[in-house]
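Novice: with the input below, show me the fold.
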Amino acid sequence: MSNVKDKVNLFNCRFAKQCSLLCNSSELPHEFLCNFSTFLQTFEINPDIIVDIIKSLDPNKAHGHDGVSVRMLKLCSKSTFKPLPLTFNNCLRKRIFPELWKKANVVPIDKKGNRRLLSNYLQIH
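Specialist: A predicted model of the protein is given here:
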């Protein structure tokens, strides 16, 4: 199998099966009551937390969907990060998150052995 498109489709089928939805007849009641003692809206992110997280990021990692590299983030001053907690806290309070934050690049990780064998790739159970 030398066609890249065929390989991608094969991987896609394999990993899509790992992430399929459970089909059952259960439904949440119309007035669903949460039994949690705390909610995300009571959680608040402050600028210091964001600065600490950015300092701990590995500058050799790839950038996100926004195209901003970790190196560039680390070069920015603390004042640059002031809008971030406002954005994050607003998302938590409204319980609405940008669609782009819900997407991921999934990369298959091969185990030792022949990379051409589908069975030599890790599976999520």
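Novice: now for the helix or strand containing Ile50, which elements pack on it?
Specialist: Using DSSP states H and E, Ile50 maps to helix 47-56. Packed against helix 47-56 by the contact rule (3 or more Cβ pairs under 8 Å, 6 or more residues apart in numbering; DSSP states H and E) you find helix 70-75, helix 83-94. The C-beta positions use only the backbone N, C-alpha and C, and glycine is treated the same way.
Novice: distance of the residue nearest the centre of the chain from Ala62?
Specialist: Centroid-nearest residue in the chain, with Cα atoms, centre = their mean: Ala104, separated by 5.3 Å. If you measure Ala104 against Ala62 using Cβ to Cβ, to the nearest Å, the figure is 12 Å.
Novice: where does Asn60 land in three-state SS?
Specialist: Under DSSP: H, G, I helix; E, B strand; the rest coil, the three-state class of Asn60 is coil.
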